[in-house]
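Participant: Sequence plus predicted model, see below.
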2 protein chains.
Amino acid sequence: MLIVAERINSSRKHIAQAIKTENTEFIKSEAKAQAAAGADFIDINAGTFVGEEIERLTWLIEIVNNAVETPICLDSPDPKVIEAALPLVRNSPVMINSITLDPHRLETLLPLVAEHKAKVIALCQSETDMAETADEKVKMAEALVERVTEAGISIGDLYIDPLVYPVSTKATSALDTLEAIERIMHEFTGVHTICGLTNVSYGLPSRKLVNRTFLVAAISRGLDAVILDPTDSALYGALKAGQVIAGKDEYCLSYITDFRNGRFE
Amino acid sequence: MLIVAERINSSRKHIAQAIKTENTEFIKSEAKAQAAAGADFIDINAGTFVGEEIERLTWLIEIVNNAVETPICLDSPDPKVIEAALPLVRNSPVMINSITLDPHRLETLLPLVAEHKAKVIALCQSETDMAETADEKVKMAEALVERVTEAGISIGDLYIDPLVYPVSTKATSALDTLEAIERIMHEFTGVHTICGLTNVSYGLPSRKLVNRTFLVAAISRGLDAVILDPTDSALYGALKAGQVIAGKDEYCLSYITDFRNGRFE
């Protein structure tokens, strides 16, 4: 299970504040804490700083480059920002978050993914459409697989996010996504699936309970990457138990080791 | 989701002690607590009192009959004990825990299930074999469906337990059971699936974490009944969040109500 750690995102109040005040130590500690908690990639997003995103992102990259050896996941709504930031990232491989079927994003980003041998998160949405049913999600996944592999990128570098929508507005939202994960993993050999967790619980109380419940159901369908906060011990415990249930942790050795290290408390 | 509450079982130390000392108030409070926590059936098991099981079970039934209006699930390794106890149960319907493909149990119990219009838990095992793979579980489920319906019992009264074995000894144990649940629910229209949770985590630390992780994965495959302790708030919360994720809680109303009533704390 590949973990993309989500904390360094300017949509979070403490991070936005640290960016504004150029609090290097705070960002450094966020990177270190997530790396120590098992992050495979540290996501970095300064997207709320419209007009000065590239400067802010550059500052963040420099700190994370120096703080940890963990690779970086460059996260921006603006493909031009990703293009400008890519050469600054030191640790390898880099991950790009994200492409969609929007031709503008594809045209800018796919050559960069190929050139940098990057890993890439691809969302099941187009310029105009969101994929709501499992069929729609699988269809968009197929189109993404086509575009990405046509660009000379290995399918093993592609992380498809089928996108889960709030269950509070549509009861089958989560189930549609679970079915899509299972089918995508089955139909496109070698591809990965990834998911953010917070959308699913929008509008509900005890959101973290719903998020981790969705996570373990998704792992049992084959999800092999996730965007989350690995320092959340209840969520991390759910992830590890999910791996056990999904038969992905031979002799439960990883689970037992994490238990002994007090990671589930 | 049908909840069979498991606490009144003589394999639990406090319950065995209460039975020995004929502590009526303790058993009464166990029944009431589970009924208040959402039990649809109160399981009653005095199986460890070999040689005096029927007397002990009779004593338990009388207390639960008087304590709550919740129906009883009669649980015994001995079909003769179930036969003797059945006429004593007052609340309707009664559930019987359990039959297997063992002809001895089937011949004694199926006519009683039919006569009492009981619900019945049926385990995917025979006199000689345990079903380990999903294929074996589905095959045994098919045989159980045949035997039960041939006996004039409605398939809607049948609760098939595919039996989950410890993931600590075989990594795919849980996954095999999840696949079996999905296929059984799909192939035998109208049947129910039920599962106990404790086996899956045998030999592991933080067993409750693994148990509730397996539960939510199973609910997402269609599991519609479970044997558990509904007074365990973390487990109950997982169950309710599992229902939300599985699209079985329209507008999440049941989840939100339980949250407001402090059930997830």
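Facilitator: In hand now; what should we look at? Residues are numbered from 1 along each chain as shown, chains lettered A, B, ... in the order given.

Participant: Distance check, the residue nearest to residue A:170 when sequence neighbours are not counted against chain B.
Facilitator: Using CB to CB, 6 or more residues apart in numbering or on different chains and skipping the chain neighbours, the partner closest in space to residue A:170 is residue A:132 (7.5 Å). Backbone N, C-alpha and C define where each C-beta goes, glycine included. Here residue A:132 is placed at a distance of 13 Å from chain B (CB to the nearest CB, to the nearest Å).

Participant: Residue A:132: neighbour count?
Facilitator: A total of 16 residues lie near residue A:132 under the criterion other CB atoms under 10 Å in any protein chain shown.

Participant: Would you check that it makes contact with residue A:165?
Facilitator: Yes: Residue A:132 lies in contact with residue A:165 (CB atoms under 8 Å); the separation is 6.8 Å.

Participant: what's the overlap in contacts for these two?
Facilitator: residue A:173 (CB atoms under 8 Å, 6 or more residues apart in numbering or on different chains).

Participant: follow-up on the earlier one: how about the residue nearest to residue A:170, secondary structure?
Facilitator: coil (DSSP: H, G, I helix; E, B strand; the rest coil).

Participant: Can you report phi and psi for it?
Facilitator: The phi/psi pair for residue A:132 (degrees, to the nearest 10) reads phi -100, psi -50.

Participant: what sits against it?
Facilitator: A:165, A:170, A:173, A:176.

Participant: Neighbour-wise, give me the winner out of those residues.
Facilitator: Sorting the contacts of residue A:132 by how many neighbours each has (other CB under 10 Å) puts residue A:173 first, at 24 neighbours.

Participant: so that one makes contact with residue A:203?
Facilitator: No: if you go by CB under 8 Å, residue A:173 and residue A:203 don't touch, sitting 11.4 Å apart.

Participant: Now list whatever residues contact both of those two.
Facilitator: residue A:166.

Participant: what about the residue nearest to the spatial centre of chain A, distance to chain B?
Facilitator: Centre of chain A computed as the mean C-alpha position; nearest residue by CA atoms, centre = their mean is residue A:227, 3.6 Å away. Going from residue A:227 to chain B by CB to the nearest CB gives 18 Å.

Participant: Next up, the contacts around that residue.
Facilitator: If you count contacts by CB under 8 Å, 6+ apart, residue A:227 has them with A:4, A:6, A:43, A:97, A:194, A:195, A:196, A:197.

Participant: Just the C-alpha atoms of whichever helix or strand it is part of, please, in CSV.
Facilitator: Taking DSSP states H and E as the criterion, residue A:227 maps to strand A:225-228. Written as CSV, here are the backbone C-alpha positions of strand A:225-228 (Å, rounded to 0.1, in the frame of the first residue of the first chain):
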residue,chain,number,x,y,z
ALA,A,225,-2.5,3.5,-2.9
VAL,A,226,-4.2,6.1,-0.8
ILE,A,227,-3.9,9.8,0.0
LEU,A,228,-4.2,10.3,3.8
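
Participant: Skip ahead from that strand and say which helix or strand is next.
Facilitator: Next along from strand A:225-228, by DSSP H and E: helix A:233-245.

Participant: Quick check: which helices or strands does that following helix pack against?
Facilitator: helix A:207-220, strand A:225-228, helix A:253-260, helix B:173-187, helix B:207-220 (3 or more CB pairs under 8 Å, 6 or more residues apart in numbering or on different chains; DSSP states H and E).

Participant: what about those, which gets the closest to residue B:79?
Facilitator: Of all the helices and strands packed on helix A:233-245, helix B:173-187 sits nearest to residue B:79, with 23.8 Å by CB to CB.

Participant: residues of the closest one that come out buried?
Facilitator: For helix B:173-187, a neighbour-count test (16 or more other CB atoms under 10 Å in any protein chain shown) marks B:173-185 as buried.

Participant: Check what contacts the helix or strand that it is followed by and list those residues.
Facilitator: Per DSSP H and E, the first helix or strand lying C-terminal to helix B:173-187 is strand B:192-196. With contact meaning CB under 8 Å, 6+ apart, strand B:192-196 is reached by B:2, B:4, B:6, B:121, B:156, B:158-164, B:177, B:181, B:184-185, B:215, B:218, B:222-228.

Participant: Give the buried residues for stretch A:96-113.
Facilitator: Neighbour counts over stretch A:96-113 (16+ other CB under 10 Å) mark A:96-102, A:105-106, A:108-110, A:112-113 as buried.

Participant: To clarify, my last question referred to stretch A:83-99.
Facilitator: Neighbour-count burial for stretch A:83-99 [16+ other CB under 10 Å]: A:83, A:85, A:86, A:88, A:89, A:94, A:95, A:96, A:97, A:98, A:99.
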